[in-house]
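In: Predicted model follows, preceded by the sequence.
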Amino acid sequence: MDLGIAGRKAIVCASSRGLGLACAKALAEAGCEVIINGRNQEHLAAAAAELKKTGAKVIAVAADVASPEGQKALFAACPAPDILVNNNAGPPFRDFRELDRQKMLDGVLANMVVAIELIQKSIDSMVAQKFGRIVNITSGSVKMPLVGLDLSSGARAGLTAFLAGVARSVAAANVTINFVLPGTFETDRFRSNIESTAKKKSISYDAAFAERVGTVPAKRIGQPDELGATCAFLCSAQAGYITGQNILIDGGAFPGAF
């Protein structure tokens, strides 16, 4: 399917590995010029090499986008993106009683404030050119909060509510803002969480893995490319009438109809 975005410029945050890399790959395959980002130079270089195999132009920016300096570097590489994919790692599993003020502020900064700042820096040029696609990768826990991920759930839910009104305010300019809510996916973070669960329960990694997969009606975990393809479609020319929506990709784990 031709997504109608060949030649568009896309910034994809936290895209040296995992779900961010999958989104960058899908956009590169659609013909976009992709600006990827990460803090680890080695991982970033490997991601850039992989993406260049698609034939796309790839610019790698090693920076922490939570910092003003990192954001400056990102927009120096691409001052007026057509597409922005917000993505950032969430806080680790932790009992809410263990969260002090600084940990809570750090979580809200990483999973709410940073995305808003990046949108502030990119949205006016999108409105001016009458095309813009913003996709925020949040979490299935926005709709189905998980104990131990309270900070992540709260910050991402705050981002969702904050941008709901913004999405409607720019829709007439063909600028859309949507959310992708991943469930259980094959990522480094997933493997780390399984290891943590296994340790806490004094069971094997395989037993903890099987236990987690058993909670998913699809009886498997998602592959990053599946999420990447969904993200790319939300960035497509054909998706201009979809905005302010939360797209769950969780194998049916969320039990509600709406």
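Out: Nice, I can see it. Numbering: from 1, shown residues only.
In: can you list the weak-confidence ranges in this protein?
Out: Applying pLDDT under 70 to the chain flags no residue at all.
In: what's whichever strand or helix holds H43 packed up against?
Out: Here H43 is covered by helix 41-52, with elements defined by DSSP states H and E. Helix 41-52 is packed against helix 18-29, strand 33-38, strand 58-62, with contacts defined by 3 or more CB pairs under 8 Å, 6 or more residues apart in numbering; DSSP states H and E. No exception for glycine: its C-beta is placed from N, CA and C like everyone else's.
In: Name the surrounding residues that touch the shortest one.
Out: Strand 58-62 is contacted by residues 28, 33-41, 44-45, 47-48, 51-52, 73-74, 77-78 when judged by CB atoms under 8 Å, 6 or more residues apart in numbering.
In: Could you look up the SS state of L248?
Out: Under the three-state scheme (DSSP: H, G, I helix; E, B strand; the rest coil), the conformation of L248 reads as strand.
In: Quick check: chain neighbours aside, which residue is closest to it?
Out: With CB to CB, 6 or more residues apart in numbering as the criterion, L248 has its nearest non-adjacent residue at 4.8 Å, and that residue is L181.
In: Next, the angle from the helix or strand where the one you found lies to helix 18-29.
Out: Following DSSP H and E, one finds L181 within strand 175-182. With axes from the mean of the first three to the mean of the last three CA atoms, to 10 degrees as the basis, strand 175-182 and helix 18-29 are set at 130 degrees to each other.
In: Show me what the helix or strand following strand 175-182 is packed up against.
Out: Proceeding N to C from strand 175-182, the next assigned helix or strand is helix 188-201, under DSSP H and E. Where contact means 3+ CB pairs under 8 Å, 6+ apart, helix 188-201 is packed against helix 205-213.
In: List the buried residues in the helix it packs on.
Out: Judged by neighbour count (16 or more other CB atoms under 10 Å), helix 205-213 contains these buried residues: 208-209.
In: Pull the distance from the helix holding H43 to the chain's centre.
Out: Per CA atoms, centre = their mean, to the nearest Å, the displacement of helix 41-52 from the mean C-alpha position of its chain is 18 Å.
In: Show me what counts as buried in it.
Out: Quick answer for helix 41-52 (16+ other CB under 10 Å): 43-44, 46-48, 50-51.
In: Likewise for stretch 168-183?
Out: Neighbour counts using 16+ other CB under 10 Å place 170-171, 173-183 of stretch 168-183 among the buried residues.
In: nearest to S236, of the residues you listed?
Out: For the buried residues of stretch 168-183, the closest approach to S236 (CB to CB) belongs to T176, at 10.0 Å.
In: in the stretch 51-200 of the chain, which spans are strands?
Out: Listed from the start of the chain, the stretch 51-200 of the chain has strands (DSSP state E, counting those that start in this stretch) covering 58-62, 83-86, 132-137, 175-182.
In: Adjacent strands (with direction) for the first one?
Out: When pairing is defined by DSSP bridges, strand 58-62 lines up against strand 33-38 (parallel).
In: what angle do the partner strand and helix 41-52 make?
Out: Relative orientation of strand 33-38 versus helix 41-52 (the same axes, to 10 degrees): 160 degrees.
In: Count the neighbours of V114 for me.
Out: If you count neighbours by other CB atoms under 10 Å, V114 ends up with 23.
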